[in-house]
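# Show me the folded form of this:
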Amino acid sequence: MSIGETITRKRKALGMTQKELAEKLSVSFQAVSKWETDASHPDVELLTALAEVLGTTVDALVGYRSPILADYEERYQTSEYYWGIEPNRLCYDILRLRPPVKPYKVLDIGCGEGKDAVFLARNGYRVSAIDIAENGLEKGRILAERCSTRVDFFKADISDYRLTEKYDIILSSGVFHFLRPDIREEVTDNLKKYTNDGGLHALNVFVSKPYLKRSGEKKGNRYEWKSGELFTYYHDWHMHRIDEELFDCNSGGIPHQHCMDIMVAEKKVK
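Below you'll find the predicted structure:
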């Protein structure tokens, strides 16, 4: 996606006109129009302010392809499904607590190759799913077609994507360790704000334990959480599930272990 396309998408997601964006940056709306058609590009001095106004990062704005993205794009290149196609146990928590007696609106954040999103869609939920890796999204679309169901897959980076419409259920598994500690509260506040009363968040996060056997992989842009940290952001919600689990993992071909905090919380009606 070009910088012009990125500016257009993020501006429209915020419900902002070209004129409003221009006024915030003290430039002409003609300049914004030229950026969005890629007839010209913003001056370097404007990039930080532009990213801030659009609720994103300079890296995302200019299309920087991180090593993390390259890693996952490579993992998802094969015809096989890297994570398999069996749904995460959080999906069964959702089914138990919010059986699809109506088409609940679900967002799967960091959907990977789409196994959880497709499972929920097959069971009657109205599902949207985001991920940063286009190869994963494409495999999700293939899986949805194979299962004769529909999921709205789209590309977004959890670090700069912010909700502007409400959902009934938000699911995210094995993704929040890509959130820097300094933006975690902002991100979770946004997710909570755009969740309907009575809605659910079904989340898990990797937590740091010094005694665990590590994989030897470089951490790069991965930030483990502290035990219980996730739960503190939901102190004002009703907890249906709070767990901490150790498990073995062989991703990357090197046996290692993880610890994960698991939470299912409900936004109570005021």
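# Report the secondary structure state of T78.
Three-state secondary structure (criterion: DSSP: H, G, I helix; E, B strand; the rest coil) places T78 in coil.
# That one: how many residues sit nearby?
The tally of other residues near T78 (other CB atoms under 10 Å) stands at 10. C-betas here are computed from N, CA, C, even on glycine.
# try I130
Counted with other CB under 10 Å, I130 comes out at 21.
# Quick one: the strands in the protein, in order.
105-109, 126-131, 152-155, 167-172, 195-206, 238-249, 256-266 (DSSP state E).
# who's in contact with the shortest one?
It stands for strand 152-155. Strand 152-155 has contacts (CB atoms under 8 Å, 6 or more residues apart in numbering) with 1, 111, 114, 117, 127-132, 134, 137, 140-141, 144.
# Mind listing what's buried along that strand?
By 16 or more other CB atoms under 10 Å, the buried positions in strand 152-155 come out as F153.
# Name every strand pairing with that strand and say which way it goes.
Here strand 152-155 is paired, per DSSP bridges, with strand 126-131 (parallel).
# Just the CA trace of the partner strand, in CSV.
As requested, C-alpha coordinates have been extracted for strand 126-131 and formatted as CSV (Å, rounded to 0.1, in the frame of the first residue of the first chain):
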residue,chain,number,x,y,z
ARG,A,126,-20.7,-12.1,11.9
VAL,A,127,-16.9,-12.0,11.9
SER,A,128,-14.2,-9.4,10.8
ALA,A,129,-10.6,-10.4,11.2
ILE,A,130,-7.4,-8.4,11.0
ASP,A,131,-3.7,-9.3,10.6
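# which residues touch that strand?
Applying CB under 8 Å, 6+ apart, the external contacts of strand 126-131 come out as 103-112, 114, 117-118, 120-121, 137, 140, 151-156, 158, 161, 167.
# What residues of stretch 71-82 count as buried?
Of the residues in stretch 71-82, 72, 75-76, 81-82 count as buried by neighbour count, 16+ other CB under 10 Å.
# Closest one to D197 out of these, please.
Y72 (34.5 Å; CB to CB).
# That closest one - nearest residue in space that isn't next to it in sequence?
A133 (4.2 Å; CB to CB, 6 or more residues apart in numbering).
# Surely that neighbour touches Q77?
No - taking CB atoms under 8 Å as the contact criterion, A133 and Q77 are not neighbours in contact, 10.0 Å apart.
# Flag the shaky bits of the stretch 51-200 of the chain, pLDDT-wise.
Segments of the stretch 51-200 of the chain classed as low confidence (criterion: pLDDT under 70) are 63-70.
# How much space separates the residue most central in space within the chain from S173?
Geometric centre of the chain, nearest residue: I109, 3.3 Å, by CA atoms, centre = their mean. When distances are taken as CB to CB, to the nearest Å, I109 and S173 turn out to be 9 Å apart.
# what does D38 give?
36 Å.
# Compare these two and say which is more crowded by neighbours.
Just comparing D38 and S173: by other CB under 10 Å the higher neighbour count belongs to S173, 24 against 13.
# That one reaches L90, doesn't it?
Yes - because the distance of 6.0 Å satisfies CB under 8 Å, S173 is recorded as touching L90.
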